[in-house]
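Trainee: sequence and computational prediction follow.
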Amino acid sequence: MKALAEIGWRKALRFGWFTLAMVPYRMALVPQLRAPWLRLLGATIGRRAILHDVRFFNLYRRGLAGLSIGNECFVGDECLFDLAEAITLEDQVTLAERVLVLTHTNVGYDDHPLQAHFPALQAPVVLERGCFVGAGVTILPGLRLGRECFVAAGSVVTQDVPPRTVVAGVPARPLRTLDA
């Protein structure tokens with residue numbers, strides 16, 4: 001009941017609705033059936049986008065209207081998108097398997113002892129045209145990955161990534177820029 005008191009009935013009902021609405025999406029065994037269902041639920045998904053087994057959480061907050069995927073994007077298996085805020089993938093963005101895109105952080109209930117030190121944060125994430133994000137990458141809230149950047153597998157992106165830059169590590173650090 002504590003959770004219901006904090007989020008309210010309206011968000012609780014939205015949570016239930018989105019949980020049910022995602023059942024057909026989960027049952028769609030091929031990517032060609034997933035994108036139309038997500039569009040029907042409010043997402044913007046471009047032509048020739050391929051979405052493998054992508055998972056979503058916090059749908060009750062922003063909803064699928066907060067998801068924008070451009071033309072010719074590829075999103076690999078077991079990627080996890082936090083839709084507390086908007087996530088935008090511009091054209092030709094590639095996400096390998098198990099990429100985690102966070103748009104919020106929160107240590108717990110409003111009365112959690114760490115709230116004063118780590119207040120809740122919500123901010124959108126944007127991946128500009130032509131980005132590549134390797135397997136197992138975590139992208140933190142509020143970041144922008146510049147066009148045609150390359151994020152190496154296993155990295156944790158804690159800062160914006162400049163265009164045409166290769167980053168790697170925990171936290172991700174620039175290794176080099178790509179030739180023009």
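Mentor: The structure has been received and is ready for your questions.

Trainee: phi, psi of Tyr109?
Mentor: Reported as degrees, to the nearest 10, the phi and psi values for Tyr109 are phi -60, psi 160.

Trainee: you'd agree it is up against Lys2?
Mentor: Yes - with contact defined as Cβ atoms under 8 Å, Tyr109 reaches Lys2; the gap is 6.3 Å. For glycine as for every other residue, the C-beta is placed from the backbone atoms N, C-alpha and C.

Trainee: helices or strands next to the helix or strand bottoming out on mean pLDDT in the chain in the packing?
Mentor: Using mean pLDDT, DSSP states H and E, the weakest-scoring helix or strand in the chain turns out to be helix 2-27, at a mean of 86. With contacts taken as 3 or more Cβ pairs under 8 Å, 6 or more residues apart in numbering; DSSP states H and E, helix 2-27 sits against helix 31-40.

Trainee: how far off centre is the helix it packs on?
Mentor: 17 Å (Cα atoms, centre = their mean, to the nearest Å).

Trainee: and the least confident helix or strand of the chain with helix 31-40, angle?
Mentor: For helix 2-27 against helix 31-40, the angle by axes from the mean of the first three to the mean of the last three Cα atoms, to 10 degrees is 140 degrees.

Trainee: all set, thanks.
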